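Here is my input, please return the structure:
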Amino acid sequence: MEKFDWKLTIERNIGMLKIVGLWPAGDDTYKPDLYTLYAIISITVFVLGHNFCQSFNIIYILDDLEALTATIFVSLTEMLAILKSYYLIRNMGILKQLMVTLTSDMFQPKNQNQKSLVKSSLNFWKSVYTVFSLMTLSTIFFWTTFPILDGSVREHRLPFLACFAQNSNQFFNWIVLSAISIGMTMFQLTVVALFSSEFYSYLFYANAIVVEIFMYCWFGNEVEVKSSRFLYAVFEADWTEASLEVKKNLVFFTLRCQKPIKVSALNLFYLTLNTFMK
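This next block holds a predicted model:
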């Protein structure tokens, strides 16, 4: 049976991470080479630099509530980018090892039925990711064009105020700031002109964040639900004919499966559909 390529589903994502300096080649983490230097420059200029200018500008607009909230909500987004980059770089070794483990024979579908089960979940992820990408691109479009569409380009104003310059759980702590960003964005929707280009930029941004949180909560919920079903697989196996050692291992496996696997953020709440609805 042809080997199933798990990386093929996220090939586009890996390619984008490589471009911005967040995915070293091969199965290695960062090393003292040109790519690491490129990553440092890329993150410093495009992530840290922009966030610094946004945050520093807050000092000059403390008495302007509308401008203050507009700057803070953008700064939160940039802080999310910094946190995501930090956790990705810090845990790059763990992530690369997870990818190696995932492509091992242990996690290969054993028959066509198993492959169909895997593909259904991956296809759903692709659909959600496509919606998220469209929301993100729409947000970027309106952010870059609303100064032209609303005529403020004559004031030579930029879209943003600035001074013009467990293994898997470690990757999800930033989601707390995403929820805060939604609240700030909803406030911004109340202070801009209805149905203006700026209004649509905030609307698409809020929807993009909602879809992003939904992705993590949905698949976090799937992890919990499907891990809770492992226990039933033991009783479906022909364990009565197994050796004593295998039976002992099944006892430990059964005890461990009584506690489902849960994905959490900051160890404060679990990423489930109930959390998403709340």
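
where does this protein have low pLDDT?
Scanning the chain for pLDDT under 70 picks out the ranges 1, 56-57, 60-70, 73, 146-179, 266-267.

Tell me where the stretch 51-200 of the chain has strands.
In the stretch 51-200 of the chain, no strands are defined using DSSP state E, counting those that start in this stretch.

ranges for the helices of it?
Read by DSSP state H, counting those that start in this stretch, the stretch 51-200 of the chain holds these helices, from start to end of the chain: 65-90, 92-102, 112-149, 175-191, 197-227.

what's the angle from the fourth one to helix 197-227?
Spelled out, that is helix 175-191. Counting by axes from the mean of the first three to the mean of the last three CA atoms, to 10 degrees, helix 175-191 points 150 degrees away from the direction of helix 197-227.

The longest one now?
Relative orientation of helix 112-149 versus helix 197-227 (the same axes, to 10 degrees): 160 degrees.

which strands and helices sit next to helix 112-149?
helix 197-227 (3 or more CB pairs under 8 Å, 6 or more residues apart in numbering; DSSP states H and E). (C-beta placed from N, C-alpha, C; glycine too.)

For the helix it packs on, buried residues please.
Neighbour counts over helix 197-227 (16 or more other CB atoms under 10 Å) mark 197-213, 215-224 as buried.

any idea which helix or strand comes after that helix?
Once helix 197-227 ends, the next helix or strand along the chain (criterion: DSSP states H and E) is helix 230-236.

Can you dump the C-alpha atoms of that next one in CSV for me?
Presented in CSV, the C-alpha positions along helix 230-236 are these (Å, rounded to 0.1, in the frame of the first residue of the first chain):
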residue,chain,number,x,y,z
PHE,A,230,-9.7,4.2,22.7
LEU,A,231,-11.0,2.2,25.6
TYR,A,232,-13.6,0.4,23.4
ALA,A,233,-10.9,-0.6,20.9
VAL,A,234,-9.4,-2.9,23.6
PHE,A,235,-12.6,-4.9,23.9
GLU,A,236,-12.9,-5.2,20.1
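
Name the residues that touch the very next helix or strand once past that helix?
Next helix or strand after helix 230-236 toward the C-terminus (DSSP H and E): helix 244-257. By CB atoms under 8 Å, 6 or more residues apart in numbering, the surrounding residues in contact with helix 244-257 are Ser227, Ser228, Phe230, Leu231, Val234, Ala237, Trp239, Ala242.

Grab the nearest non-local neighbour of the first one.
Closest residue to Ser227 apart from its sequence neighbours, by CB to CB, 6 or more residues apart in numbering: Ile261 at 4.0 Å.

just the third one next, same as before
Of all residues not flanking Phe230 in the chain, Cys257 sits nearest, at 4.4 Å (CB to CB, 6+ apart).

What is the neighbour count of that neighbour?
Cys257 is flanked by 18 other residues according to other CB atoms under 10 Å.
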